[in-house]
Structures are given as structure tokens and as C-alpha cells.
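Chemist: Return a 3D structure for these sequence lines:
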Amino acid sequence: ADPDSPVGDLDILDPDEKQLILEDWNHTDHATTTDTLVSMFGAQVTRTPDAPAVVDGNRTLSYAEFDARVNRLARHLITQGVRPETIVALRMRRSLDFIVGVYATLTAGAAYLPIDPHHPAERTHFILAVAQPTCMLTTTHDDQDDPPDPVPVLHLDTIDLSPLSAMPVTDADRRAPLRPQNTAYVMFTSGSTGRPKGVTVAHSAIVNEVQWV
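Modeler: The predicted structure follows:
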């Protein structure tokens, strides 16, 4: 009727639709989560210990097998000073070892920082200098250049974790309790408009996303 009217002035919702939208928008009276990614993973291990958890080519680990590897590595990380609100860098290609490293870092209470081993050394050194991780997990396969001092490097394919317990890691084992508000991971921007910038994400944010999906 009036082609010159601004789109923003058009009333495209009827009253009932408007009310439904308002009710949904204001529906925020849900409980704050007390879960972490670690507690959610532990619950899944309990539910389906024999189900496949990780598949990498012709290698498959059940939840129980995967959990055992994670717990042993987490205990080793704790001995290296890893704790909640510290960072562990993971410079590895996508692999079974990478996923073990991610969950072991989370289980020890720390946040993981993924670093692509194919990225330029200058970018990697800058990110490590900014993030100041407690240590860096890699493999002899992915270890291409020396990180800036004093970042200790741990090679997942050479560490002997067999003496360590595979039992679940609890707050009694950690250097500090793990809470939903603790940082779970750190991501750095591409740096296309300047230096890369780090963004931290808490357990509660990811758990909320997972539960919503």
C-alpha cells in the first residue's frame, strides 16, 4: 500500500505472536549449572564405558580406555604445576593424542590452548609469550621448532605414564578445586587486523551450550 515506508515501521507480528516472543525472551529462571566439561565427561564414562569414545583412522578407544589415558596424563600434568586458571598449550595436529591432551588438561583443572604446528613460528612464539602456559604438550612428530623459554615441552608419545593411576581425578588430587567458572580453553584470533588476541571461555559457557544443543 505504501512502498516508501521503512521496513522497520512495518508491524509484521500479530499481538499473540508478540506475547509469545516476550514470554520466551524473559524466560531466564533456570538454575545455574554446577557441571564442568570434566564432570559431564565422567558421567558419560559411567554410562557407556565400553562404547567407542574416540576413533582415529584404525585406532579406537572406548570411554573406559580413553578415560584411563586421560587420568594418567592429568596426574602427570598436576606434578608439573598444572592447576585451575593455568594454561597448557597443545601444539599437535588433530589426532587421538590431541584429544587425550585436551581432556587431560581439563581434568587437571587447566585451560587448553590449541596451536597449529603448521602456523608460522613467529605467531606461535607470540601466542606462547602472551599466554605464558605452564607447559606445552606435543609429539616428536609435531615438534618442529623450539618454543620460547621457559616453556617446558612434554612429548606425549615418549612419556611413560604407566606407573600413574588410571582412577578418576578429583579435587583431592588437583592443586585447587575445579569450578564451572574456571577457564576451559583459550583461543587466539587470526591476527589479520593486528596482533592475535586471546579469548578465554569458561566451563559454564560450554556446558550451557552443550546442554542447550
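Chemist: Next, find the distance separating the closest residue to residue 159 other than its chain neighbours from residue 124.
Modeler: Spatially, and ignoring its direct neighbours in sequence, residue 159 is nearest to residue 76 (6.5 Å; CB to CB, 6 or more residues apart in numbering). The way it works is simple: take the backbone N, C-alpha and C, and place the C-beta from them, glycine included. Noted for residue 76: a distance of 23 Å to residue 124, by CB to CB, to the nearest Å.
Chemist: again with residue 86
Modeler: Counting by CB to CB - residue 86 and residue 124 are separated by 19 Å.
Chemist: Please work out how many residues are found near the nearest residue to residue 78 once chain neighbours are set aside.
Modeler: Once flanking residues are discounted, residue 78 sits nearest to residue 108: 5.2 Å by CB to CB, 6+ apart. Neighbour count for residue 108, taken as other CB atoms under 10 Å: 31.
Chemist: For the protein, give the helix that spans the most residues.
Modeler: helix 63-79 (DSSP state H).
Chemist: In three-state terms, label the spatially most central residue of the chain for me.
Modeler: Centroid check for the chain by CA atoms, centre = their mean gives residue 185 as the closest residue, at 4.4 Å. What DSSP: H, G, I helix; E, B strand; the rest coil gives for residue 185 is strand.
Chemist: Pretty sure it sits against residue 115.
Modeler: No - using CB atoms under 8 Å as the test, residue 185 is too far from residue 115 to be in contact (11.9 Å).
Chemist: got the contact list for stretch 112-125?
Modeler: Contact partners of stretch 112-125, identified using CB atoms under 8 Å, 6 or more residues apart in numbering, comprise 87-93, 98, 101-102, 105-106, 127-128, 131, 133, 136, 138, 142, 144-145, 147-148, 184-188, 191, 196.
Chemist: Provide a PyMOL selection command restricted to the buried entries of the residues you listed.
Modeler: Per 16 or more other CB atoms under 10 Å, the buried members of the contacts of stretch 112-125 correspond to this PyMOL selection:
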select buried, resi 87+88+89+90+91+92+98+101+102+105+106+127+128+131+133+136+138+142+147+184+185+186+188
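Chemist: Tell me which of the contacts of stretch 112-125 fall in helices.
Modeler: Using DSSP H, these in helices are 98, 101-102, 105-106, 127-128, 131.
Chemist: and which of these is nearest residue 209?
Modeler: If you rank these by distance to residue 209 using CB to CB, residue 106 comes first, at 15.3 Å.
Chemist: Correct me if wrong: the residue nearest to residue 159 contacts residue 165.
Modeler: No - using CB under 8 Å, residue 76 is not in contact with residue 165, being 10.8 Å away.
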